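# Any chance you can model this:
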Amino acid sequence: MESQETLLHVRQITKRYRMREKAFVALKNVDFNVVDHEFLALVGPSGCGKSTLLRLITGLEKPSSGEIVYRGELVRGVNPKTTVVFQTFALFPWLTVQQNVELALEARGIPKKIRTLRSVELLDMVGLDGFETAFPRELSGGMRQKVGFARALAVEPELLCLDEPFSTLDILSAETLRSELHELWVSKRLPIRAIILVTHNIEEAAMLADRIVVMDKEPGRVIADIPIELSFPRSRKSPDFLAAVDRVYATLAGHTQQRQAAPTEPGAQGRAKMLPIISIDVLIGLMQRMGDAPEVGADIYRLATELNIPADEMLHLTEAAELLGLAEIRQGDIVLTPLGDTFAEASMLVKKEIFSRRVRRLPMFKWLWDMFSQTEHKKLEWEDIRMALEEDLPPDEAQKQLDAAVEWGRYAELLSYDDNTGVIFLEKFNAAL
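Here you go, the predicted model:
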């Protein structure tokens, strides 16, 4: 680092949201700093509050408690020294590429002549020279995101915040844009002092960042601060790089087991019964792949890379495997339990029976049984269950959890769902869980 001057200090930030009569804790006691000339990455599972944290840092939202301090000054309102690039392009389709970039300058009262010169210069910097008069519909996804970068840089921020800017791109476009951003950063051609990148891609974080702050959810909090002390350019095949990625995976995987929240914590009952959002087919495939392997366990990072499974999805899969008693996580490795070995080798019908027996023990399905037991015909309206879940969970999370419960229940042959009537009911031969 050229300087250890602290640009940003996030001090014990807690963020709560109130939905109806319930409060949800998105972030709790988050504390870290960003120094001058630092590229920091925030990684963690979905729902850990990474994007919320960026909105707090830029002043788009206010914390419930704690402080955001920039260059020694408390941030009140929008911080003009920061800007955000989101995962969606958010371009105005009726404006040309240059006009989209100039719009950010016009909002700050920059004269037309200066706006034109700066926008052309920035478009050239991000490799879009010659596309000034093109409209967004004429560009590829990667090129549209470059326009987003140019627009963010137009206001000359000191701190550039990136909210999963490569996640909606295809693999090759993302790799191209990622390498071009890094080239601009290390060559000091960008007019910025630091970068914060939010990403689910652990390899991406290790490839770009000087330091990785690892977060966990329920509530969102920092669980590790890992320096990446590797010189550039970095090779994905180098032992040191693989070790760095593996360390982050191990840190996250060590926190995947479902935890019971304290009874007095807002939303505790809802979180206690939450299911990992996964594809059951992918989980079965993962268990079978591990059952076929000669080794006892598998390194989670290498397994995710081999199977081309995104980091966030792999963590949800490992959580589900642990929850069902099919696997254990040991220092970044996933190891099948004896039940997992049996499951991997079993026929389709036996797999269903094992899955069904394990699912019946989960808090979500015990809670559902309590609801069904209060009805005469063991039937419930979808909307009634969703509204009951919303007593403890935000609406979007309640919807995801109900979708997951129905999928798990259908595979386990515990539940059926009629989409025409919107009714969920217990299978006859499973009338008692």
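
# right, and the helix or strand after the worst-scoring helix or strand of the chain on mean pLDDT?
For the chain, using mean pLDDT, DSSP states H and E, the weakest element among its helices and strands is helix 268-272, scoring a mean of 50. Going down the chain from helix 268-272, the next helix or strand is helix 280-292, by DSSP states H and E.

# Which strands or helices does that next one pack on?
helix 300-307, helix 311-323, strand 333-336, helix 338-345, helix 395-411 (3 or more C-beta pairs under 8 Å, 6 or more residues apart in numbering; DSSP states H and E). All C-beta spots, glycine's among them, are computed from the backbone N, C-alpha and C.

# Compile those into TSV and extend it with columns for mean pLDDT.
Shown next, in TSV, are the helices and strands packed on helix 280-292 (pLDDT from 0 to 100):
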stretch	mean pLDDT
helix 300-307	84
helix 311-323	88
strand 333-336	87
helix 338-345	91
helix 395-411	90
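
# which residues sit against stretch 191-199?
7-8, 34-43, 50-51, 53-54, 57, 153, 156-167, 185, 204-205, 208-209 (C-beta atoms under 8 Å, 6 or more residues apart in numbering).

# got it, and stretch 284-294?
In contact with stretch 284-294 (C-beta under 8 Å, 6+ apart) are residues 298, 303, 307, 309, 317, 321, 326-327, 334, 336, 340-341, 343-345, 351.

# how far off helix 395-411 does the helix or strand hosting Met387 point, in degrees?
Applying DSSP H and E as the criterion places Met387 in helix 382-389. Counting by axes from the mean of the first three to the mean of the last three C-alpha atoms, to 10 degrees, helix 382-389 lies at 120 degrees to helix 395-411.

# Going by contacts, tell me the helices and strands next to helix 382-389.
helix 363-372, helix 395-411, strand 423-426.

# quick one, which of the ones you listed is nearest to Glu121?
Closest approach to Glu121 among the helices and strands packed on helix 382-389 is made by helix 395-411 (40.7 Å; C-beta to C-beta).

# how about that closest one: buried residues?
For helix 395-411, burial by neighbour count (16 or more other C-beta atoms under 10 Å) applies to Glu397, Ala398, Lys400, Gln401, Leu402, Ala404, Ala405, Val406, Glu407, Trp408, Gly409, Tyr411.

# so how far is that helix from its chain's centroid?
Here the centre of helix 395-411 is set off from its chain's centre by 19 Å, with C-alpha atoms, centre = their mean, to the nearest Å.

# List of residues touching it?
Helix 395-411 is contacted from outside by 19, 47, 270, 273-278, 280, 352, 355, 359, 364-365, 368, 382, 385-386, 389-390, 393, 415-417, 424, using C-beta under 8 Å, 6+ apart.

# picking that back up, got the helices and strands packed on helix 280-292 as a markdown table, with distance to Phe135 columns?
Supplementary listing: the helices and strands packed on helix 280-292 in a markdown table, determined by distance: least, C-beta to C-beta, whole Å:
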| stretch | distance to Phe135 |
| --- | --- |
| helix 300-307 | 38 |
| helix 311-323 | 33 |
| strand 333-336 | 47 |
| helix 338-345 | 52 |
| helix 395-411 | 32 |
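
# so which of these comes closest to Val126?
Smallest distance to Val126 across those (C-beta to C-beta): 26.8 Å, for helix 311-323.

# ok, residues contacting that closest one?
43, 45-46, 200-203, 249, 252-253, 256-258, 275-278, 282-283, 286-287, 300, 303-304, 309, 327-329, 334, 340, 362.
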